[in-house]
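Undergrad: kindly generate the corresponding structure for this input.
(chains A and B)
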Amino acid sequence: MPEMYEVMENEVLAEKVNRYRIHAPEIAKRRKAGQFIILRIDEDGERIPLTIADADPQAGTLTLVVQEVGKTTARLARLRPKDRLKDVVGPLGSPTHIDKFGTVAIIGGGIGIAPAHPIAQALKQAGNRVVSILGARTKSLMIMEEDMRRASDEVLICTDDGSYGTHGLVTDVLKNLIETQGKPDLVVAIGPVIMMKFVCKLTREYDIPTVVSLNPIMVDGTGMCGGCRVSVGGKSKFACVDGPEFDGHQVDFAELMKRQAFYQEQEKESFARYQAGIQEKNTND
Amino acid sequence: MTDQLDHKEIERLQGLKNKDRMDIPRQKMPEQEPEERRANFKEVPHGLPPMVAVAEANRCIQCKKPKCVEGCPVGIDIPAFIACVAAGDFQGGIRKLKETNMLPAICGRVCPQETQCEQVCTLANRKQPVAIGRLERFLADWEREQGKVETPKVGTPTGKSVGVVGCGPAGLTVAIDLRRAGHEVVIYEALHAPGGVLMYGIPEFRLPKKIVNAEVDVVRQMGVEIRYNHIIGKLKMVDELLEKHDAIFLGTGAGLPWFMGVEGENLCGVYSANEYLTRSNLMRAYDFPNADTPIARSKRVAVVGGGNVAMDSARTAVRLGADEVYLVYRRSEVEMPARDEEIEHAKEEGVIFKILHNPVRYIGDDKGRVKQAECIRMELGEPDASGRRRPIPIEGSEFCIDVDTVIVAIGNGPNPLVPATTAGLKVDPRRGTIKTNLNTMRTSKKGVFAGGDIAIGAATVILAMGHGRKAARSINHYLESGVWDIEYLPGEEPSPEEGKDKKS
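TA: So this is what the prediction gives:
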């Protein structure tokens, strides 16, 4: 029997992108599409929020897809099966509103494809026609294509450099989709904030309801600290309990981007210190 | 330490007449000098040395009708434990104290004694009151440092089980009392550490975490199971807990920070006090980069508010290296809800008090970081609903303070996670608190009890403990009798304890 929060699997999906399966049976049983967890690697670790990409209630595991961007995510990448996380807490946030909308375009940008996956699954199961638009910088960074194909009626691929699928951005593909197939009844966009911002700009022009999933800086995830507040329709909302999904046409993306960058200096410093430590260790070995 | 006692001196003190007792000056508690402590997170007061404690205890005149006991939200037999200290019997003193208060090392440090027991001390009228809080702290520290902490006896197993939601002061108290009665207890805690506000909110320099951990260890040794990372309302629902347990106690606290709703409140560098303190205390951001969690490297900080949380935030900012820390409070110092000692300590540490000021907006730079707090001057008008004089803005008096960090410490509402996900649990629509009969700590849902901030809104650690204690009695009654619908516990008179003050 695996231990609580044990790493069952750590697989490289693309450069600096790993897929983890974590033993957390109670969360695996309870979680719904759109929800997230917060984890902490060890006693000195920070609490980081990560959207749940999938779960297997029978096996008692959660699937997380994480991009290496700083110290904590780099340390995660070095974990091996049988290693144990100190804490995993969840499922947090409100689940995605699942209904029969008709046709839903689900846009996953880069690492955002992972959290888009359970939403595609749930919406398809609810009887929607799901068209997924997957975007990445380049072909080698395209992840979970097969999973998304299984969860969608149609999959459209694009890359920034044209190395795979359409040469262009997800917004180009979405625009083309709207013009050739008509307006979807709902758009769900998950990915970099800048991508969500431009998707929302486009869908506003076409007047298509659009849901985005936000990932601001958080500490506790229960509404206690308010660090994750975002302006939605001119009102302050806590992404951890009021979200993480919001009406994309109401979100102040510019503010969100600035807030996400607040600790950049410290994050860089912490990462550099960590990398120097690894290098030193490697030299000594 | 006992052998450090000067028995001749004790004998002399014990022989004093009341008049002479009252002439003993209130003893000073040694503490770190302000210059020194500005740069560290170590506890500020060092505690009373044994003979100083004995002298202080001998100031007590052992009133026949002690008002201090009435002034204590949990009704500690104060003269009795002080009499033990006065006689040099510390073991007897701590036992007496623990008959009523299981967490004295915490209460001795964070209770607002000056508005409770010490306010009504007979000596307070003529001289200074007996330092009840310091004596309480002394006994608890003595017991711990001597390695004499006694784990309370666990009752004969009843076969009943109680689920406690939240490992803060209310939850810990109820857990102890229920184990004493022989019930099984499981505490469900949302965070990764015990203690609730004692751990994430109150800073190390006011309440060292090793003290909280020591108190929690006792709870564990009594056989209470604490399950961390359990968010009730998300991972499990209250109704599911009711299937596993015979009763549930909700002590989920006031975990929802208020903001003022002024322009610029979402700028980078504007924190809720909860976030600022949680980063520094629970996540140990003061030790960044050894600990991974960052916190702003502030130079000029404005803290908004006048309670203990505001003082804790301001004093934390000082210790994190800020050059100037302003405390912006809309009323005058008299109305400040913080403990006197915290106000005094904050001033000594160089916090600049901007009383009768209120922020009206925050101004940011091109990176979205706060650079100025625009404040307006205030004056006091007629008393408002709280009995304090209402602050009124003086038109045209706006001016800006240059800041890089703002910490909003204007209070907290009850955390809505449990109320929002539990059918049949009535909630006060205005305050968000769980409707709770404060005589029985029973909610509108059978088998579910509540106490602490979730029941009355943000209050004090000691009130939460008082609620925990009362809830345990009520749970015992319910589990023994099976009777749910009662107004008062059998044999208990209506108590006027609630809503006395707002300090923590």
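Undergrad: need the residues of the stretch 401-504 of chain B near chain A, please.
TA: B:415-417 (C-beta under 8 Å from any C-beta of the partner chain). (Each C-beta comes from the backbone N, C-alpha and C, glycine too.)
Undergrad: which ones among these map onto strands?
TA: The strands, defined by DSSP state E, take in nothing from those.
Undergrad: in the stretch 151-285 of chain A, where is pLDDT below threshold?
TA: A:285 (pLDDT under 70).
Undergrad: in it, what residue lies closest to chain B?
TA: residue A:258 (3.2 Å; C-beta to the nearest C-beta).
Undergrad: and the next helix or strand past the helix or strand that contains that residue?
TA: According to DSSP states H and E, residue A:258 maps onto helix A:253-260. Going down the chain from helix A:253-260, the next helix or strand is helix A:264-284, by DSSP H and E.
Undergrad: residues contacting residue 53?
TA: Because you didn't say which chain, this covers chain A. A:19, A:63-65, A:114-115, A:117-118, A:144 (C-beta atoms under 8 Å, 6 or more residues apart in numbering or on different chains).
Undergrad: switch to chain B, please.
TA: Applying C-beta under 8 Å, 6+ apart, the residues near residue B:53 are B:27, B:85, B:134-135, B:138.
Undergrad: of those, which belong to helices?
TA: Among these, DSSP state H puts B:85, B:134-135, B:138 in helices.
Undergrad: please enumerate the helices of the stretch 101-250 of chain A.
TA: Assigned by DSSP state H, counting those that start in this stretch, the helices in the stretch 101-250 of chain A fall at A:113-125, A:145-151, A:170-181, A:193-206, A:239-242.
Undergrad: quick one: the ones you listed as JSON lines, columns for distance to residue A:254 and mean neighbour count too.
TA: Output for the helices of the stretch 101-250 of chain A, formatted as JSON lines (distance: least, C-beta to C-beta, whole Å; neighbours: other C-beta atoms under 10 Å in any protein chain shown):
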{"stretch": "helix A:113-125", "distance to residue A:254": "22", "mean neighbour count": "24"}
{"stretch": "helix A:145-151", "distance to residue A:254": "30", "mean neighbour count": "17"}
{"stretch": "helix A:170-181", "distance to residue A:254": "17", "mean neighbour count": "18"}
{"stretch": "helix A:193-206", "distance to residue A:254": "8", "mean neighbour count": "18"}
{"stretch": "helix A:239-242", "distance to residue A:254": "16", "mean neighbour count": "24"}
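Undergrad: nearest to residue B:235, out of the ones you listed?
TA: helix A:239-242 (14.2 Å; C-beta to C-beta).
Undergrad: what does the top strand by length along chain B rub up against?
TA: When chain B is parsed with DSSP E, its longest strand is strand B:370-383. Here strand B:370-383 makes contact (C-beta under 8 Å, 6+ apart) with B:264, B:267-270, B:302, B:328, B:330-332, B:354, B:356-365, B:389-394, B:397-406.
Undergrad: do stretch A:142-161 as well
TA: Taking C-beta under 8 Å, 6+ apart as the rule, stretch A:142-161 contacts A:13-14, A:17, A:19, A:53-54, A:65, A:106, A:108, A:111, A:113-114, A:116-117, A:120-121, A:124, A:129-139, A:164-170, A:172-173, A:177.
Undergrad: pull out the buried members of the contacts of residue B:53.
TA: The neighbour-count test (16 or more other C-beta atoms under 10 Å in any protein chain shown) applied to the contacts of residue B:53 identifies B:27, B:85, B:134-135, B:138 as buried.
Undergrad: buried subset of the contacts of strand B:370-383 as a PyMOL selection?
TA: Restricted to buried positions by 16+ other C-beta under 10 Å, the PyMOL selection for the contacts of strand B:370-383 reads:
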select buried, chain B and resi 264+267+268+269+270+302+328+330+331+332+354+356+357+358+359+361+362+364+389+391+393+401+403+404+405+406
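Undergrad: residue B:179 touches residue B:153, doesn't it?
TA: No - using C-beta atoms under 8 Å, residue B:179 is not in contact with residue B:153, being 9.2 Å away.
Undergrad: the two: who's more crowded?
TA: residue B:179 (23 against 10; other C-beta atoms under 10 Å in any protein chain shown).
Undergrad: in chain B, which residue sits nearest chain A?
TA: residue B:368 (3.2 Å).
Undergrad: that residue contacts residue A:255, correct?
TA: Yes - counting by C-beta under 8 Å, residue A:255 is a contact partner of residue B:368 at 6.5 Å.
Undergrad: before we move on, back to that, among the residues of the stretch 401-504 of chain B next to chain A, who's most crowded?
TA: Neighbour-wise, these (other C-beta under 10 Å) top out at residue B:415, 23 neighbours.
Undergrad: state the distance from that residue to residue B:265.
TA: To residue B:265, residue B:415 is 20 Å away according to C-beta to C-beta, to the nearest Å.
Undergrad: next: residue B:419.
TA: As judged by C-beta to C-beta, residue B:419 and residue B:265 stand 25 Å apart.
Undergrad: ditto for residue B:416
TA: 20 Å.
Undergrad: using the three-state scheme, assign the closest residue to residue B:347 other than its chain neighbours.
TA: Nearest residue to residue B:347, sequence neighbours excluded (C-beta to C-beta, 6 or more residues apart in numbering or on different chains): residue B:353, at 6.9 Å. What DSSP: H, G, I helix; E, B strand; the rest coil gives for residue B:353 is strand.
Undergrad: what's near enough to touch residue B:353?
TA: B:326-327, B:329, B:333, B:346-347.
Undergrad: pLDDT wise, what is residue B:148 at?
TA: On pLDDT, residue B:148 comes in at 88.
Undergrad: out of everything not next to it in sequence, what's closest to it?
TA: Computed as C-beta to C-beta, 6+ apart, the closest residue to residue B:148 that is not its neighbour in sequence is residue B:91, at 6.9 Å.
Undergrad: pull the number of nearby residues for that neighbour.
TA: With other C-beta under 10 Å as criterion, residue B:91 counts 15.
Undergrad: which residues are in contact with the host helix or strand of it?
TA: If you go by DSSP H and E, residue B:91 is part of helix B:90-100. The contact list for helix B:90-100 (C-beta under 8 Å, 6+ apart) reads B:1-2, B:50, B:74-77, B:80-82, B:84-85, B:104, B:136, B:139-140, B:142-143, B:148, B:150, B:152.
Undergrad: now list the buried members of those residues.
TA: Counted by 16+ other C-beta under 10 Å, these give B:50, B:74-77, B:80-82, B:84-85, B:104, B:136, B:139-140, B:142-143 as buried.
Undergrad: all strands of the stretch 1-150 of chain A, in order?
TA: Taking DSSP state E, counting those that start in this stretch to define them, one finds strands in the stretch 1-150 of chain A at A:7-14, A:17-23, A:36-40, A:48-51, A:54-56, A:61-67, A:87-92, A:103-109, A:129-136.
Undergrad: any chance of those strands in CSV, plus mean pLDDT and distance to residue B:322?
TA: Shown next, in CSV, are those (pLDDT from 0 to 100; distance: least, C-beta to C-beta, whole Å):
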stretch, mean pLDDT, distance to residue B:322
strand A:7-14, 93, 40
strand A:17-23, 95, 39
strand A:36-40, 96, 27
strand A:48-51, 94, 27
strand A:54-56, 93, 44
strand A:61-67, 95, 34
strand A:87-92, 95, 30
strand A:103-109, 96, 39
strand A:129-136, 96, 43
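Undergrad: those: which one's closest to residue A:267?
TA: strand A:48-51 (11.2 Å).
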